[in-house]
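A.B. asks: Okay, sequence plus prediction incoming.
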Amino acid sequence: MTAATRAEAASRLGGRATRRRERRIAGILSAAAKVLASGGYHMFSLEAVADSSDLSKTSLYHYYLSKDALISAALEQLGASLALRLEELASDTSLRPRDRLRALIVDQLTILLIDNPEVTGLFTRPQDWPEGHRLLLKELRRRHYRIFRNVVLEGIATSELSCVEPDVALHCMHGALNSIGVWYQRPRQLDEVQMLIEQVADTVMALFSTPRQPSGDVRRRHVHRVSTPRHGGREVVAVGIP
């Protein structure tokens, strides 16, 4: 065997080893996301992830040295992969803004109900998590929010979409989508879920078919700030039109 042949063989072996490692890491991160979603930060353990990944805890340490390192990697991988998926849809200029928004809503529901149902539990603002993880989740949520917001603003600019206030409509939309896993608990046949997704998408799209208020009404909005024991002493902001 010549030196060149040995080098080529070593390169192939190295490539296979790299691909095996990448597949193993992907499996670990997927298992970690599911464990984190089911039990939260404080119930998360390397032992549970190792069991789900068919690894020993010692083997898992070869990839991630601590619970927090694994959680950060799992959140980053899941958040980035879902954002890229949605960004690809949002950038499809062959579709009009209205059609792109509906496609984004359908894909978001598909993620929540079919592909990655654990996402709901991971991105609902866990206030008792360490600050580093909360900041990471905040940035991932902002990236996700911008994807939808940019399409909505484009649709408003072309008069294909309309609403009283874009950010209010977007928050209502996300609230509706993110809570669907809470109230939809019936047995989930795939065709039934897909039909529900279409129905919810049509319903949510109605948020962006509302005529805008006259500018004078918008200017007369006022903010009420209240702080009561019923709300745990937190300041509650209500925006209304008198």
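C.D. replies: In hand now; what should we look at?
A.B. asks: pLDDT of the helix or strand where Tyr145 lies, averaged?
C.D. replies: Element membership of Tyr145 [criterion: DSSP states H and E] is helix 131-157. Averaging pLDDT along helix 131-157 gives 95.
A.B. asks: Show me what counts as buried in it.
C.D. replies: Using 16 or more other CB atoms under 10 Å as the test for burial, helix 131-157 gives 133, 136-137, 140, 143-144, 147-148, 151-152, 154-156. Every C-beta, even on glycine, is put in place using the N, C-alpha and C of the backbone.
A.B. asks: Contacts only, for His42.
C.D. replies: Asp128 (CB atoms under 8 Å, 6 or more residues apart in numbering).
A.B. asks: ok, now how distant is it from Asp128?
C.D. replies: From His42 over to Asp128 the distance is 7 Å, taken as CB to CB, to the nearest Å.
A.B. asks: Next one, pLDDT for the closest residue to Leu36 other than its chain neighbours please.
C.D. replies: Closest residue to Leu36 apart from its sequence neighbours, by CB to CB, 6 or more residues apart in numbering: Phe44 at 5.2 Å. Per-residue confidence (pLDDT) for Phe44: 92.
A.B. asks: One more: Asn178?
C.D. replies: pLDDT at Asn178 comes out at 88.
A.B. asks: Residues touching the host helix or strand of Val106, excluding its own?
C.D. replies: Here Val106, judged by DSSP H and E, is contained in helix 97-110. With contacts defined as CB under 8 Å, 6+ apart, helix 97-110 is touched by 85-86, 89-90, 92, 95, 147-148, 151-152, 154-155, 158, 160-161, 173, 177, 180, 197-198, 200-201, 204-205, 208.
A.B. asks: Give me the below-cutoff pLDDT ranges for this protein.
C.D. replies: 1-14, 124-127, 186-188, 211-242 (pLDDT under 70).
A.B. asks: Measure how far the longest helix seen in it is from the centre of its chain, please.
C.D. replies: The single longest helix within the chain, with elements called by DSSP state H, is helix 3-43. Its chain's C-alpha centre and that of helix 3-43 lie 23 Å apart, by CA atoms, centre = their mean, to the nearest Å.
A.B. asks: Residues in contact with the helix or strand following that helix: which ones?
C.D. replies: For helix 3-43, the following helix or strand on the C-terminal side (DSSP H and E) is helix 46-52. For helix 46-52, the external contacting residues (CB under 8 Å, 6+ apart) are 28, 31-32, 34-35, 39, 56-57, 59-61, 64, 67, 70.
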